[in-house]
Structure formats: C-alpha cells, structure tokens
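Q: What would the 3D arrangement of this be:
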Amino acid sequence: MARRDEKGNVIDRVEATSDTLTSRGGLSLFVRYLRNIAIYPVLERLFGSIRKNAKGQPVSEIFKQVFCFLLDGASRHLVYFDALKKDEGYAAAIETAPDQMLSSHAVKRFFRAFSWYRIWLFRTLLKQLFLWRLKIQKPKVVVLGMDTMVMDNDEARKRHGVEPTYKQVNGFQPLQLTWEGLIIDAVFRGGSKHSNDGDTALKMVTHIVKFIRKHYGEEVPIIMRLDAGFFDQELFKGFEKLKIGYICGGRVYDELKALAEQAETGQWRQYRNGRQVWDYLELGDRRGTWKAFRRAFLCRPVTEGRQRLLDYARPLSIFYTNLGMGQAIDERLAAAGREHYLEAEGIIAGYHGRGADELVHRGWKDFGFEELPFMRFAPNAALYYTMLVAFFLFECFKEDVCGEVIPVEAYATTLRRRLIDVAAKIVRHAGKIILKVAAAAMEQLQFAALWAKSSAPPRFAWA
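A: Numbers count the residues shown, from 1 in each chain. Take a look at the predicted model:
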C-alpha cells in the first residue's frame, strides 16, 4: 500500500491532449538553419523542374522533409513518412503545414523522377557547398582525401548495381572525395568497382583542382591523401601534371621487405605522435615500369598505445610522395609558409591523417543508411546524393550552431539524443508561433543561444 507522501505522485489515468506537442523540438533549430543559409532557392533552381504539377509540393519543401527525416534517424525506411504525416507536432516543429506533409508514395515518386542529368547536378551542388566552407575557413593548404566506401546491401533484395565488394558483401561502392570531415564530391558506383577503376579517380581530382584554383586561389597548395588501392604510376603522373602533392600508400614487395631487414639500426629514424611511435626509413624507389624515382617511406610501429610491440608483431608499410622533390608543389607550400609538409615528419603525419578521412565514412553511415530501397540504379543514386547533401549540411550545422554545446566531432546519434530529441510544445499567441521547451533543457542546452545562432548563420551563395 502506497504511503501518503507517495500517493500524490502516482499517475491515475492517461488521456489524449489537443495541445501541439513534439518529441523532436531540436529539429526546429536545423530547419531554421537551413532557411537562413538560403539553401532553398538553390535547390529550387537546380531541381525545381522535377515538379510537373503546381498542386504538388515545392521541391525545396520535399528536400526539407527528407533532410529532417535523415537527421531525425528514427527510421531508415521510407514508409516512416506515413507515420510522420499524421504527427501534427512533428509538422509544427519543422515549420510545415499538416496537409503539406509527404507520404511515402510521394517521396518514392520524387526520387524515381530523377534523370541522370539531374542526378549529376548534386555533384555541382556539393562543390559549391565545399567552396562556401573553404571561403569561411580560408585554409592555407587544401588537403583532400580519396577513398571508396562499401555500402552493405547484402540482406536487401537484388538491386541494380548491387555487386560483390572487397569486404565480402554485396552492395554499392561509391568513390568519395573528402575534406575536413566533409564529403565534397562522389561518384555512385556498383560494388565491383575497385578504388582506381578506369579513369574516374583522376577525372574527379582534375575537376576539383580546377574548381579550387578558379574560385578559391590559383596558387593554393593542394595535397591528396590516398590508400594503396590508388597505387598507380599513371595516377601519380596525372597529379604531377596538375602540380599538386600526393601521399599514397603502396605495396610492400619482397625486395622492400629484404631492404628493411638489411637496413642497419642507425638508418632508421623515429616519429612520435602522442603515445604512438614509429620507426621509418626514407628512400627513393622506382618500380619496374616507372620512368622516375619517387620519395618513399618504410614505416613500422614501435608501440601500440602504451604497449611496446615485439619485432614479429610490427607490420611493415610503405607510402610514396612527390613532396620535397623540387616540384611546383614545393614552391607553393613554401610560399604559403607550410614548409613542414616537405619534411619527413610532416609527410608521415600527413599520411597518418588518413585515419580522419576514414572517420568521415563512418560518420556518414551513422547519419544515413547503407541499404537503399529502390530496385533501379538511378533513384538509388538520387537518394544517395541527397544523403550526401544532408550530411554536409548536418556537419555545417554542428559547426555553425552547436559547437559550444556538442563537440563538432560527435556523430549524428549523439546529437540526436542530446539536442534533437527535446520535448517541446508549439503554441500560437498574439499572431506568433512559439516553441516552448522545459526550463532545464533551455538552460542545459543553451537553447536560446542555439536559436540565435541558427537565425544568423553564414549564408550560402552560389559562386
């Protein structure tokens, strides 16, 4: 039997309310951010012609709802739009009239309407968004990463383009270009396409280099970081022709292993990065068909965390670079005051920075989803590129609005639980719509400050 002091806190029954309530109050910040960076007019200009009927929703409204669906992350199935359509509180939080909420059928029709011409427009949009952030951060050196990302569709029904990948699963394997935690360009491809398949990688780099030099700076140094999947002399020659730097992983052939074993202890040097220590041996290497030597570094770890590794547990790796070889990139780095990129330790640090590039793919998978819903390749590509744009805007939202409350490095799941999943009440008063959150959330999340930042972000302008 409940004590007298407990009886006053016991809930006796449950009833429905006519109040407009939502459990996704934080989405209002993201929607406000999207509106104030002025992304909607750009989306209308690029994709507005998809709309064939004036009675349908504007393309910018469709993108807004899809972006919010992705950031919400409550479901990875498009049928969830049918549930959201019935939620007036959710509609109010994203500033949409209830009768304008999309059904799952409307979303599917939207993505099926994309032609390949419109799909490639996403790449143009990503480059313009990249330029927007470049002009905000103003880096002296632009360091880009390139890699493929396997999208596991092994458990999905057979789809066009789903093929065996190197990770022993069936799926897609897009080629992606990254910069500072952002995916700035991509080519959506079937799963059997390897890293340096055809001339796609070189074309992608060529286009982005020309874009950077035209819109950001003709003399800005550009450095590419790549893994051993791109170990190709023709690719290196293309980079050198573009007058950019590269640091690329290579294959450890038997003669290189023998060289490492024969090298005297005094020839090895050490590189330290925090608690991590590596031995490295610098050399010039020319593979059998190469016409020129390239700078190379053999590396092997000395420690793993605080644990010192035994000789048999120290894997040998190698990477190649044209930095510090008297090419045009050296002059540009020196002019930018970044000569440390030409030194051995700067090059090794740059290559080990590839780990941060790989984290971008992990962040994208946490934000979006790998299993794509359509049978045909084109609508799946359209949805994939939409997720890339949404992920880019999400990362910018974290930096421009949430940085003082939630670390910029936080994954989408963390931000959803801490900021998006906020209970709120939407009321109308004196001709205004007011979002009300609990006083504890207002104080803990500094909600008023976030609201102000989302109201005045750096505006996106097409170059």
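
Q: and L283, that's in a strand?
A: Yes - when DSSP: H, G, I helix; E, B strand; the rest coil is applied, L283 is found to be in a strand.

Q: residues touching the spatially closest residue to it that is not a sequence neighbour, list them.
A: Nearest non-adjacent residue to L283, counting by Cβ to Cβ, 6 or more residues apart in numbering: A296, 5.4 Å away. (C-beta placed from N, C-alpha, C; glycine too.) Counting by Cβ atoms under 8 Å, 6 or more residues apart in numbering, A296 makes contact with G250, E282, L283, G284, D285, I318, F319, Y320, T321.

Q: Look up the closest residue to H352, ignoring the ones flanking it.
A: N273 (6.6 Å).

Q: quick one: that neighbour and F211, what's the gap?
A: According to Cβ to Cβ, to the nearest Å, N273 and F211 sit 32 Å apart.

Q: Neighbour count: the two, which is higher?
A: F211 (19 against 12; other Cβ atoms under 10 Å).

Q: Can you tell me the SS state at the more buried one?
A: Three-state assignment for F211 (three-state DSSP): helix.

Q: Who is the residue nearest to H352 paired with across the strands?
A: Q276 (DSSP bridges).

Q: was I right about it contacting G350?
A: No - applying Cβ atoms under 8 Å, one finds N273 not in contact with G350, separated by 11.4 Å.

Q: give the contact list for P174.
A: P174 makes contact with T148, M149, M151, A186, V187, F188, R189, Y384, according to Cβ under 8 Å, 6+ apart.

Q: 10 Å - rerun?
A: Residues near P174 by Cβ atoms under 10 Å, 6 or more residues apart in numbering: 147-151, 183, 186-191, 193, 361, 381, 384-385, 388.

Q: next one: I420
A: 23-30, 68, 71-74, 93, 412.

Q: So which of those residues belong to helices?
A: L27, S28, L29, F30, C68, L71, D72, A93, A412 (DSSP state H).

Q: which among these end up buried?
A: Buried members of these, counted by 16 or more other Cβ atoms under 10 Å: L27, S28, L29, F30, C68, L71, D72, A93, A412.

Q: Wait, the second one touches V401, no?
A: Looking back up the chat, that one is S28. No - the criterion here is Cβ atoms under 10 Å, and S28 misses it with V401 at 11.7 Å.

Q: any common contacting residues for the two?
A: By Cβ under 10 Å, 6+ apart, the residues touching both S28 and V401 are L450, W451, S454.

Q: which SS class is the second one?
A: What it means is W451. helix.

Q: could you measure it against R417, distance?
A: Taken as Cβ to Cβ, the span from W451 to R417 is 20 Å.

Q: So for these two, which residue has more residues nearby?
A: W451 (16 against 11).

Q: follow-up on the earlier one: in PyMOL, how would I select the buried members of the contacts of P174?
A: To isolate the buried ones among the contacts of P174 in PyMOL, judged by 16+ other Cβ under 10 Å, type:
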select buried, resi 147+148+149+150+151+183+186+187+188+189+190+191+193+361+381+384+385+388
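
Q: Where helices are concerned, which of the contacts of P174 count?
A: Those of the contacts of P174 mapping onto helices are H361, A381, Y384, Y385, L388, per DSSP H.

Q: hang on, the earlier thing: redo the buried ones among the ones in helices among the contacts of I420 as a markdown table? Include pLDDT and distance to V437.
A: Listed next are these as a markdown table, based on pLDDT from 0 to 100; distance: Cβ to Cβ, whole Å:
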| residue | pLDDT | distance to V437 |
| --- | --- | --- |
| L27 | 95 | 12 |
| S28 | 95 | 10 |
| L29 | 96 | 11 |
| F30 | 97 | 15 |
| C68 | 97 | 18 |
| L71 | 96 | 18 |
| D72 | 95 | 17 |
| A93 | 93 | 11 |
| A412 | 95 | 21 |
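
Q: In a markdown table: those, plus distance to F236.
A: Below are these laid out as a markdown table (distance: Cβ to Cβ, whole Å):
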| residue | distance to F236 |
| --- | --- |
| L27 | 46 |
| S28 | 49 |
| L29 | 45 |
| F30 | 42 |
| C68 | 43 |
| L71 | 40 |
| D72 | 44 |
| A93 | 51 |
| A412 | 36 |
